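Chemist: Pasting the sequence and the predicted model now:
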Amino acid sequence: MAGIQVSSSLLLSKSLPSLRCRREIVGARVNAPRVHLGVVSLPKLPSRYLVDEMETRTGYPIARHDTKSSDDPRVIAKLYAIMEAVADRVEMHKNIGEQRDNWNRLLLTSINAMTLSGATMAGLAALAAEGSPLMALKLSSIVLYVAATGLLLVMNKIQPSQLAEEQRNAARLFKQLRVQIETTLALGKLDINDVNEAMEKVLALAKAYPLPLLGSMLEKFPSKVEPARWWPKQRSKQGFVGKIEGNNGWTRKLEEEMRQVVRVLKQKDLAEYIDLGSKALKLNKMLAISGPLLTILGALGSSFVGTTDCSWPVMMGVVAGAVATAVNSLEHGGQVGMVFEMYRGNAGFFKLIEENIMSNINEKDVERRENGEILEMKVALQLGRSLSELKQLAAIAECSEEFASKLF
């Protein structure tokens, strides 16, 4: 019995350290600090990564549309197809605009070089002895003058600086249309009318700023200056006459303010830019006629050098070339055609604001109008004014000489 007690005590003494270790481990586990698990951030879907990568590469944001059950998938697909075509048009007009700007600089440099070379050879021909040197200088001067005249006639006809401005405007307006389609997709409640409206806007822009030169090029010297038009005609809508006050953001006071803004746009801004466009057009016509006429006179003067003792052929051959160079530099270096197109485009911008305001005011059904507060904010931003400045303009429209726009 005593042996059993001794062996049990030995076993207990050996097992005590291991039990103490286990207690310490268990206590350590029990007293371990709690770890607060936050929200686990899951990686984005690969499609989202692809969209972000496309936005980075193309430089254009891609609309992320949450498809609603009320929207027709075919309408959404059609709008996306139109948006893809619009994005392609932006790149086309941008590239062609750069190309035609290069035309303007390269043609002007070449024509001026030929004109000055022709004038120099006409002067040297007067100093050369009779015979082969005189004939060679005369023929070289005549050829250069005639070549410069031909290139100048083509350049004055197509007006490369004006063509480049047209393509810049088209690229900007197609970008604006793309953003409008993205906004329509983001807002939802789509129907076939949104598709038809987007198509009409694309076709109107393509007609206002054509890409080809032959056949569909815009008239560069019109008989009458009119504002540029790149939007489809507003359809006149007829509805019932409802209560205006407090409906869809419209009030009688807001209607009157918008009418006053339209009156200022027509009498001040639109009339001013039409007048400036007319002056730029007259200057461009005068320069376009003077340049080729002077180079032809230079060629005639060079042809008579050495055939008479008079000095007028030499004077004509040299002076006409110098003056022609100055005229061409003023016309195409100063980009008078581009200035005319800029004035015409600005007048179209004011015309668009006017039509947009009047189409809403003439709509009898107030609920079918654009929200009055949103329209007022848009008009204020387009004219470079705050809402308070727009209201002040409407209040003093009849007795003020101030223009509506602060941007142009």
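Modeler: Good, I have the coordinates.
Chemist: switch to C-alpha atoms for all contacts and neighbour counts from now on
Modeler: Noted.
Chemist: Run a quick check on residue 387 versus residue 377, I expect a contact.
Modeler: Yes: with contact defined as Cα atoms under 8 Å, residue 387 counts as touching residue 377 (6.6 Å).
Chemist: Just name whatever secondary elements the particular helix or strand that has residue 87 in it is in contact with.
Modeler: Counting by DSSP states H and E, the element that carries residue 87 is helix 73-127. Counting contacts by 3 or more Cα pairs under 8 Å, 6 or more residues apart in numbering; DSSP states H and E, helix 73-127 packs against helix 132-158, helix 160-187, helix 192-208, helix 271-303, helix 312-328.
Chemist: try it again with 7 Å
Modeler: Taking 3 or more Cα pairs under 7 Å, 6 or more residues apart in numbering; DSSP states H and E as the contact definition, the neighbouring helices and strands of helix 73-127 are helix 132-158, helix 160-187, helix 192-208, helix 312-328.
Chemist: Can you give me the buried ones in the second one?
Modeler: Residues of helix 160-187 classed as buried under the neighbour-count rule (16 or more other Cα atoms under 10 Å) are 160-171, 173-175, 177-179, 181-182, 184-185.
Chemist: Also the third one?
Modeler: With burial defined by 16+ other Cα under 10 Å, the residues of helix 192-208 counted as buried are 194, 195, 198, 199, 201, 202, 204, 205, 206, 207, 208.
Chemist: Mind putting those residues into TSV with pLDDT and distance to residue 383?
Modeler: Conversion of the buried residues of helix 192-208 to TSV gives the following (pLDDT from 0 to 100; distance: Cα to Cα, whole Å):
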residue	pLDDT	distance to residue 383
194	91	27
195	94	29
198	94	25
199	95	27
201	95	22
202	96	25
204	95	24
205	95	22
206	94	26
207	93	26
208	94	23
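Chemist: what's around residue 392, how many residues?
Modeler: Close neighbours of residue 392, defined as other Cα atoms under 10 Å, add up to 12.
Chemist: now residue 338
Modeler: The local packing of residue 338 (other Cα under 10 Å) involves 21 other residues.
Chemist: Tell me how far the nearest residue to it once chain neighbours are set aside lies from residue 133.
Modeler: The spatially closest residue to residue 338, leaving aside those adjacent along the chain, is residue 162, at 4.1 Å (Cα to Cα, 6 or more residues apart in numbering). Here residue 162 is placed at a distance of 43 Å from residue 133 (Cα to Cα, to the nearest Å).
Chemist: do residue 147 as well
Modeler: From residue 147 over to residue 133 (counting by Cα to Cα), the distance is 21 Å.
Chemist: and if you look at residue 232?
Modeler: Separation of residue 232 from residue 133 (Cα to Cα): 64 Å.
Chemist: and stretch 347-355, average pLDDT?
Modeler: Per-residue pLDDT values across stretch 347-355 average out to 95.
Chemist: who's in contact with residue 79?
Modeler: Contact analysis of residue 79 by Cα atoms under 7 Å, 6 or more residues apart in numbering lists residue 195.
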